[in-house]
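K.L.:
Need the 3D shape of this:
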Amino acid sequence: MSDGPHLSLPLRRPWPKLAERAAKPAYSVDEMVDAFEAGLRRELREVPSVIREIMGGGEQAALFDDDRIGQLEAARSAAWGSALAAVAINCAIEATQSGRFGDDGFLHAMKAALREFALGQFRSMEEHYLGKAGIRSASSLRTRLDACLRATDLGAVVRKYMTSSARKMPNPPPEIRTGIDEGPHL
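P.N.:
This is a model prediction of the structure:
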């Protein structure tokens, strides 16, 4: 007997934890947001810091727009193997083409990248649940995941990433309640 389709979910850790919380109505949206932010922080570790350096800032940032896109394209080799990093480079190129650069451009690009990456993860979870648990469970899962995304401040996650080193960014696991008096919020 299985403990649920989230155990066989072919995604990297901690996304199966988010799928478990989304599939069980006993978890509140706030508890889902904790797991979601932990997953995003883990993925952000693999985004090369060179993207932020290329987006750059300062007084002369506008002088190197043409070169900036070429540098971002060249940074793809540093992003190899990370889906979020590849999406972040695409979003950084779009931000640069629309005239955004510096910290504002980086924040805009990373928020868009996190959103796009999260939607991809959510689609994978939903497809997996459709195959393993049935249509009713998958539609409920998608509704709860969408609520989780709306409740998450992606800007705050990116700003925290920007103020700390990507490799030293704290990533506490989501809280697990194990006490006999602890249960779902009513």
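
K.L.:
and the host helix or strand of Thr143, what does it pack onto?
P.N.:
Here Thr143, judged by DSSP states H and E, is contained in helix 135-151. Counting contacts by 3 or more Cβ pairs under 8 Å, 6 or more residues apart in numbering; DSSP states H and E, the secondary-structure elements packed against helix 135-151 are helix 15-23, helix 29-44, helix 102-132. Just so you know, the C-beta spots here come from the backbone N, C-alpha and C atoms, and that holds for glycine as well.

K.L.:
any idea which of these is most buried?
P.N.:
Compared across the helices and strands packed on helix 135-151, helix 15-23 shows the largest average neighbour count, a mean of 24 (mean count of other Cβ atoms under 10 Å).

K.L.:
Packing partners of that helix?
P.N.:
With contacts defined as 3+ Cβ pairs under 8 Å, 6+ apart, helix 15-23 has these neighbours: helix 29-44, helix 102-132, helix 135-151.

K.L.:
These: which one's closest to Glu53?
P.N.:
Distance to Glu53, taken as Cβ to Cβ, is lowest for helix 102-132 among these, at 9.5 Å.

K.L.:
coming back round to it: looking at the helices and strands packed on helix 135-151, which one has the lowest mean pLDDT?
P.N.:
Among the helices and strands packed on helix 135-151, helix 15-23 carries the lowest mean pLDDT, a mean of 86.

K.L.:
Return the distance of that one from the chain's centre.
P.N.:
On the basis of Cα atoms, centre = their mean, to the nearest Å, helix 15-23 is displaced by 14 Å from the centre of the chain it belongs to.

K.L.:
Same check on stretch 31-42?
P.N.:
Worked out by Cα atoms, centre = their mean, stretch 31-42 lies 8 Å from the chain centre.

K.L.:
got it, and stretch 77-97?
P.N.:
Distance, stretch centre to chain centre, for stretch 77-97: 13 Å (Cα atoms, centre = their mean).

K.L.:
got it, and stretch 85-102?
P.N.:
Relative to its parent chain, stretch 85-102 has a centroid offset of 16 Å by Cα atoms, centre = their mean.

K.L.:
Check stretch 13-27 too.
P.N.:
The gap between the average C-alpha position of stretch 13-27 and the chain average comes to 15 Å, counting by Cα atoms, centre = their mean.

K.L.:
what's the first-to-last distance across that stretch?
P.N.:
Looking at stretch 13-27, the gap from its leading to its trailing residue is 19 Å under the measure Cα to Cα, to the nearest Å.
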